[in-house]
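here is a sequence together with a model predicted from it:
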Amino acid sequence: MSTHAPHAPDSARLVALPATLDEAVAALAAEPAAVPVAGGTDLMAAVNAGLLRPAALVGLGRLAELRGWAYQDGHALLGACLTHSRMSRPDFAALIPALAAAARSAGPPQVRNAGTLGGNIISAAPFGDTLPVLAALEATLLVAGPEGEGRQIPVSHLLAGRDRLQPGELLAHVRVPLLHAPQTFLKATSRTGPARAQASVAVVLDPVRREVRCAVGAVAPMPLRPLDAERWVASLVDWDGERGLAPEVLTAFGDYVGMACIPDPQPAGEGGEPPQLPPAVLHMRRTVATLARRGLGRALA
Amino acid sequence: MTDTAGPAAVTVTPAGAGAGPGAAPGERHRPHGLGSSLPAADAETKALGTYPYTADLWAEGLLWAAVLRSPHPHARIKRIDTSAAAAMPGVRAVVTHEDVAGEAGLGRRPGARPAFAAEVVRHHGEPVAAVAADHPETARLAAAAVVVEYEVLDPVTDPEKSFEAAPLHPEGNLIRHIPLRHGDPGAAGEVVVEGLYRVGRQDPAPIGAEAVLAVPRPDGGVEIYTASTDPHADRDRIAACLGLTEEQVKVYVTGVPGALGDREDLSFQLPLALLAIHTGSPVKLTATREESFLGHGHRHPTLLRYAHHADREGKLIKVEAQLLMDAGAYAEDASEALAAAVSFAAGPYVVPNAVIDGWAVRTNNPPSGYLRGEGAMQVCAAYEGQMDKLAARLGIDPAELRARNVLATGDALPTGQTVTCPAPVAQLLEAVRSAPMPALPKDGPVEDWLLPGGPDGAGEPGAVRRGVGYALGMVHQLGAEGTDEVSTATVKVDGTAEGTVATVLCAAVETGQGFATLARQIVQEVLGVEDVQVAPVDTDQPPAGPGGRGRHTWVSAGAVERAAKMVRTQLLQPLATKFGMSVELLSIADGKITSYDGVLSTTVAEALEGKELWATAQCRPHPTERLNETGQGDAFVGLSFAAVRAVVDVDVELGAVRVVEMAIAQDVGRVLNPRQLRARIEAGVIQGVGAALTEHLRVARGVVRRPDLSGYALPTALDAPEVRIVKLAEERDVVAPFGAKSAGAVPVVVSPAAVAAAVRAATGRPVNRLPIRPQSAVGAP
């Protein structure tokens, strides 16, 4: 039985189930306090735990137009309601391998069947599995609002809080470049079965711009981009020939990424002992370095 | 990791119940009786999800309860104002400590937890008030509306600081100290190895969270429907707390959705009983996962310091140990856990001299309770770590070092007690040593290799090291130190027109240990009646004691056997008289009674002549004594042993561990139900793997962090290793009914130590902490 009791007096407006994006935006405009819910794997867990008590819900389950993807000018336009299990399939993996790998690792099958790409972005949990991949791909979020579907937000701006969704706005699509090059997503967990990432690393190659892009998840509130390490290693790659790098270079890249994401603390003032990082943090840095080394190595192999 | 009562018994391997690679040694093809793989009667309904657990029960006019719990680990309650909550529409009653009419304590022992915190809260999640309302959400909101003014106090969360800290409880902070002295305390060996070990806070994490339905009785009493594992003790405490007589309180045991020893449901039962009496209506509560983590007892986190003395050949000369167990805020089972830890601190080895000090102390951490193998599991991880260290120091193979020291029947424990039961430790060790090793991944297709870190993890074959580790361990089987281990059972046989039906009445709770199935098998064996039913348990039946400690296989099964044999005599005596032969010359099998010479042959149904025969019997094992002031005494009735060989793959760069195979050889006395036994052993091994790798309830300054199943990582199907049962030693224990030993606890005791030994072998790191953290499993550079 449900343990969730209605509290707002006007229960007729509590849950809207729009069938189109326009209806969804209209429903949000009519009830700006409403919370959109797609798979509900994060939201409903928070509701059941008593952490969240939405005044109203806009269910996105009937929005067929947001559940698929389309091609657009060398990009893929991914619907926000694309589920993790859909993204895991081979046809999707051929397009955006790292996103497929992240989706495959995102929890048990029941969660992957329900949880969506948009939900992963909006929840913005530090351990969200798709987030480092989207950051490395430099994905763009397309937001629908009362003024139409025009506003675009780089995913890192939303995750960093530089830009926010305005009242009445809804994340509709995610635009991801199709790079036609190897990509990896690696994740360290506490057990062999599905688990939250302790650290995760996405590496994507962009042969056209001759870039290596890397993002590290779960070690900070948002994915981190080690930009110096990316530029340094991209300069060493022979983009026109065999892309492989020597093992020492891969190791150096890993260490570079590890130090960039988990830097040593600032030394204390004159004569003071430099503060030591706790062993668990040092292990985290080592894990990031290992994942970055392996991820880049596999992408270049 | 938890047991499930029914489904565990039907988790069959693809080979099914018969022979095959999954079949345990000793498996026989019999449809019923002892030695058969009789399935549990309720297995199908539990597997189908139609079995009514407490959470599924309903009563006319049902109210819902919610419990308000302390957010602080240590605070003084200055004021509780329930008026706002009581005034909310739909709220029927709000109760606090002021409504507890009788004794304030609700645990099974003195010094146990109060029903509601009165002046002081001593741990995060301690109940402060409870509400009954007409809707569960209303009850939750009303509980949140109870105003409690706290004066937050400094929590004592480090057990080492508990000795010096101001008393957290009127009975002081030191719950028990056992200074065990055995042999010559001044003895010294040529070789000494020292080590410091830590064991974490494992949670029982039952698959079904706690739930209680309380129904008021017309006589002012209350009926409780819950998954109690010790209904009579629960009844007595509820009656004492509420100021009622025992006759006014009745506990009905519903299906137990997972128990690892005791289910500490009292913290839910008493508030519910109070609310039912206050409102005059039935009241139900189904705990959330968070409440479940906060409400029940955990494994005692333990700090262990060891020094092993040995000669050059590796023979142990002396064991010195200091054990510090964190009992949490209330005494609960700490004394019993400490006795087991101190008594088994040297393990199943011959140790002529021992100096072992154990302390159980009070802190503001979450309450500790009784999980399978409590006390024995913590020390096993440490003494086996010491054996590995000693082997490395002497350059002896770790398994060989163990073989040189193993205990056998007739040897003495450090408590001075002589081991009189079968102790085939050497054979068990030999069985796991000689078992074939699992295949190396290079021998199979690479895509079949499940790397540490999982199928989509970051594992890299080049960084994976395989390790093999051995561990031996032991655990006692019944309550120790003078606990009166009595159980009573009644067996009835009824000859009706539809056939002959036998019924077992016994208050032993089926917790997943398989008692209900075993009781049916015993009656089938003794009376030759196929249709045997086990009546539901309630407190109108005579007491059978708690469900943990593997007791019921011994005492309750023993009582059932005696009662069944008395009925058998009643059944056969008239026939024997009629034919002028002794009862012993008649046998019963498959519903037929035959004489030794085959002259007489009749059926049980005919012999019954439509009558009902019944008998009641008790089983009480020989008494034990409390450990004296130097830790000496015959404190245990039966002991069981196991040897485990763990094979692990470790990604030495990430510190990710995957257990490939656990090979176990176990001393079981006699196999009574092969499939059930195998399920128990597999469940125990996997629980041990959980304790070794992931299961630890994290607490920061007394506050439980992330009390949910993503924060508390249980082993999944991918984490569960291949469990290979290489030997079930069937040397019957002459004092135990059927010669059988309980099987559930010893795999949990030994498995974590074996995994730690294997990770040690793979990484070269000391691995002195459970669960093993990734940073401790990263290979030495």
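Noted; the coordinates are in hand.

show me where pLDDT drops low in chain A?
Along chain A, the parts satisfying pLDDT under 70 run over A:1-13, A:268-272.

residues from it in reach of chain B?
In this structure, chain A approaches chain B at residues A:3-5, A:48-50, A:101, A:104-105, A:108, A:186-196, A:198, A:279-280, A:282-283, A:286-287, A:290-291, A:294-295, judged by C-beta under 8 Å from any C-beta of the partner chain. C-beta: built from backbone N, CA, C; applies to glycine.

from those residues, which would you call buried?
The neighbour count (16 or more other C-beta atoms under 10 Å in any protein chain shown) marks A:101, A:104-105, A:186-196, A:198, A:283, A:286-287, A:290-291, A:294-295 as buried among the residues of chain A next to chain B.

what about the closest residue to B:D397 other than its chain neighbours, which helix or strand?
Distances taken as C-beta to C-beta, 6 or more residues apart in numbering or on different chains put B:A391 closest to B:D397, at 6.7 Å, once the chain neighbours are dropped. Using DSSP states H and E, B:A391 falls within helix B:376-394.

buried set for that helix?
Within helix B:376-394, the residues that count as buried by 16+ other C-beta under 10 Å are B:376-392, B:394.

what is whichever strand or helix holds A:P36 packed up against?
Secondary structure assigned from DSSP H and E places A:P36 in strand A:35-37. The helices and strands touching strand A:35-37, judged by 3 or more C-beta pairs under 8 Å, 6 or more residues apart in numbering or on different chains; DSSP states H and E, are helix A:43-48, strand A:57-59.

who does the longest one touch, helix- and strand-wise?
Counting by 3+ C-beta pairs under 8 Å, 6+ apart, the packing neighbours recorded for helix A:43-48 are strand A:35-37.

what strands line up against the strand it packs on, and which way round?
Here strand A:35-37 has these sheet partners by DSSP bridges: strand A:57-59 (parallel).

what's the distance between the partner strand and the middle of its chain?
Distance of strand A:57-59 from its chain centroid, counting by C-alpha atoms, centre = their mean, to the nearest Å, is 22 Å.

tell me the buried residues in stretch B:703-718?
Neighbour counts over stretch B:703-718 (16+ other C-beta under 10 Å) mark B:V703, B:V704, B:P707, B:Y712, B:A713, B:L714, B:P715, B:T716 as buried.

which pLDDT value belongs to the residue of chain B found nearest chain A?
Taking C-beta to the nearest C-beta, chain A has its nearest neighbour within chain B at B:T716, 2.7 Å off. At B:T716, the predicted lDDT confidence score is 92.

any idea which helix or strand comes after the helix holding B:A391?
Sequence order places helix B:398-403 as the next helix or strand after helix B:376-394, per DSSP H and E.

residues in contact with that following helix: which ones?
Helix B:398-403 is contacted from outside by B:314, B:349, B:387-388, B:390-392, B:394, B:426, B:429-430, B:433, B:469-470, B:472, B:757, B:761, using C-beta atoms under 8 Å, 6 or more residues apart in numbering or on different chains.

got the contact list for the closest residue to chain B within the stretch 151-300 of chain A?
Closest contact between the stretch 151-300 of chain A and chain B, by C-beta to the nearest C-beta, is at A:G193 (2.7 Å). A:G193 sits next to A:P108, B:G454, B:P715, B:T716, B:A717, B:L718, B:D719 when contact means C-beta under 8 Å, 6+ apart.

residues contacting the residue nearest the centre of chain A?
Closest residue to the average C-alpha location of chain A: A:L131 at 1.3 Å, with C-alpha atoms, centre = their mean. By C-beta under 8 Å, 6+ apart, the contact set of A:L131 is A:N120, A:I121, A:A124, A:V155, A:L159, A:A215, A:G217, A:M222, A:P223.

tell me how far the fifth one lies from A:P126.
Okay, so that is A:L159. 10 Å (C-beta to C-beta, to the nearest Å).

likewise for B:T716?
Taking C-beta to C-beta as the criterion, B:T716 is separated from A:P126 by 22 Å.

circling back to that earlier point, so who does the residue nearest to B:D397 touch?
Shown in contact with B:A391 (C-beta under 8 Å, 6+ apart): B:G314, B:D397, B:P398, B:E400, B:L401.

please apply the same query to B:V650.
B:452, B:464-467, B:656-658, B:759, B:762-763, B:777, B:779.

pull the longest helix from the chain.
No chain in the question, so chain A it is. Across chain A, the longest stretch assigned as helix under DSSP state H is helix A:279-300.

the chain in question should be chain B.
If you go by DSSP H, chain B has its longest helix at helix B:551-579.

check which helices and strands that one is in contact with.
Helix B:551-579 sits against strand B:487-496, strand B:499-506, helix B:515-527, strand B:586-589, strand B:592-595, helix B:604-608, strand B:612-619, with contacts defined as 3+ C-beta pairs under 8 Å, 6+ apart.

pull out the buried positions in the second one.
Along strand B:499-506, these residues count as buried under the neighbour rule (16+ other C-beta under 10 Å): B:T500, B:V501, B:A502, B:T503, B:V504, B:L505, B:C506.

what's the neighbour count on B:A646?
In terms of burial, B:A646 registers 32 neighbours under the definition other C-beta atoms under 10 Å in any protein chain shown.

for the stretch 151-300 of chain B, which segments are assigned as helices?
Ranges of helices within the stretch 151-300 of chain B are B:159-162, B:231-242, B:266-279, B:289-295, based on DSSP state H, counting those that start in this stretch.

now the third one: mean pLDDT?
Okay, so that is helix B:266-279. Mean per-residue pLDDT for helix B:266-279: 89.

may I have that helix exported as CSV, CA atoms only?
Presented in CSV, the C-alpha positions along helix B:266-279 are these (Å, rounded to 0.1, in the frame of the first residue of the first chain):
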residue,chain,number,x,y,z
LEU,B,266,11.5,-5.5,20.9
SER,B,267,12.3,-1.9,20.1
PHE,B,268,9.3,-1.9,17.8
GLN,B,269,7.0,-4.3,19.8
LEU,B,270,6.8,-2.3,23.0
PRO,B,271,5.8,1.0,21.5
LEU,B,272,3.2,-0.8,19.4
ALA,B,273,1.8,-2.7,22.5
LEU,B,274,1.6,0.6,24.4
LEU,B,275,-0.2,2.3,21.5
ALA,B,276,-2.7,-0.6,21.1
ILE,B,277,-3.6,-0.4,24.7
HIS,B,278,-3.9,3.4,24.7
THR,B,279,-6.1,3.6,21.6
